[in-house]
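Engineer: coords below, sequence missing:
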Ligand SMILES: CCCCCCCC(=O)SCCNC(=O)CCNC(=O)[C@H](O)C(C)(C)COP(=O)(O)OP(=O)(O)OC[C@H]1O[C@@H](n2cnc3c(N)ncnc32)[C@H](O)[C@@H]1OP(=O)(O)O
């Protein structure tokens, strides 16, 4: 093996240490808990929530041993051009405090999220904000499309039917599946289910731009 072959086989250095990636996701989780606590408590309860999270963050910053053995779910990566790439997606990324911690599965042409949403997503009392209903469905349908379509597609059209309020504080199944592929166009549909009830439905069209098809 020549020297150049040895060098080309070497893995590139990581864009940050595993401990710092774990710290970033720990901080994001603390932000989520803080958001829920700031909205869900008042007065001395609120002070206790803030104090607990500040302590937890200080401990994590000061003693990285606290995070040893904790693997980040979405550590930054280098892209093909060698730039640091952070997963920012406000539905999926464990590093983005806006994203709820959800579990994601793919099965053939279907994608599914499972999630229990806290107070910061509230629209009507105890129910999910309608705009966020659309965000979740857009994302799960996009993931189903991503599995099936060649190249990256973008949402061109999305229609949501709000059948009944989507509850907070209980597990939701958010499902997307591809129905038809016609060249650059992929049609998909899906729903949000709480218990046995379909709360919202979505159907839409994703198009792969000419350059990426
Ligand atoms: C990490 C990733 C997270 C994922 C997040 C979830 C997904 C998203 O939220 S994506 C962000 C939101 N979406 C966007 O920003 C997209 C904005 N729109 C665009 O960029 C462009 O309109 C784009 C790329 C979708 C399509 O552009 P372009 O390729 O020029 O479309 P265009 O040529 O007009 O249409 C392509 C074909 O679709 C057809 N078409 C367009 N609209 C429709 C429609 N509503 N119904 C049926 N057919 C349609 C056209 O007639 C055309 O057909 P043909 O090829 O036979 O002539």
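Structural biologist: Cool, the structure landed. Only a predicted model underlies this, so the values are computations on that prediction, with no experimental measurement involved.

Engineer: can you map out the helices along the chain?
Structural biologist: Ranges of helices within the chain are 3-9, 18-40, 43-62, 130-148, based on DSSP state H.

Engineer: just put those in a markdown table and tack on distance to residue 105.
Structural biologist: Every residue, glycine included, has its C-beta placed from N, CA and C. Below are the helices of the chain laid out as a markdown table (distance: least, Cβ to Cβ, whole Å):
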| stretch | distance to residue 105 |
| --- | --- |
| helix 3-9 | 34 |
| helix 18-40 | 20 |
| helix 43-62 | 30 |
| helix 130-148 | 10 |
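
Engineer: single out the most deeply packed of these.
Structural biologist: Greatest average neighbour count among those goes to helix 130-148 (a mean of 21), per mean count of other Cβ atoms under 10 Å.

Engineer: what residues does the chain put near the ligand?
Structural biologist: When proximity is defined as Cβ under 6 Å from any ligand atom, the chain approaches the ligand at 89, 138-139, 142, 154-157, 184-185, 205, 207, 209-210.

Engineer: what about 8 Å?
Structural biologist: Counting by Cβ under 8 Å from any ligand atom, the chain comes close to the ligand at 87, 89, 91-92, 138-139, 141-143, 146, 152-157, 182-185, 205-210.

Engineer: so which residue is dead centre in this protein?
Structural biologist: residue 92 (1.0 Å; Cα atoms, centre = their mean).

Engineer: right, and it touches residue 139 too?
Structural biologist: Yes - if you go by Cβ atoms under 8 Å, residue 92 and residue 139 touch, sitting 6.9 Å apart.

Engineer: list the contacts for the residue nearest to the centre of the chain?
Structural biologist: 74, 99, 102, 104, 139 (Cβ atoms under 8 Å, 6 or more residues apart in numbering).

Engineer: quick one: the fourth one and residue 115 touch, right?
Structural biologist: Yep, that's residue 104 we're talking about. No - using Cβ under 8 Å, residue 104 is not in contact with residue 115; the gap is 9.3 Å.

Engineer: if you count surrounding residues, which of these two has more?
Structural biologist: The neighbour comparison of residue 104 against residue 115 (other Cβ atoms under 10 Å) goes to residue 115, with 19 against 15.

Engineer: shaky segments in the protein?
Structural biologist: 1-12, 212-213 (pLDDT under 70).

Engineer: redo that, cut-off 50
Structural biologist: Counting by pLDDT under 50, the chain has low-confidence residues at 1-7, 213.

Engineer: can you list the domains in this structure?
Structural biologist: 13-94, 100-212 (automatic domain parsing).

Engineer: just checking, residue 115 touches residue 100?
Structural biologist: Yes - taking Cβ under 8 Å as the definition, residue 115 is a contact partner of residue 100 at 5.2 Å.

Engineer: picking up where we left off before, what subset of the residues of the chain next to the ligand is buried?
Structural biologist: Buried by 16 or more other Cβ atoms under 10 Å: 91-92, 138-139, 141-143, 146, 153, 184, 205-208, out of the residues of the chain next to the ligand.

Engineer: any idea which of these is closest to residue 59?
Structural biologist: residue 92 (27.4 Å; Cβ to Cβ).
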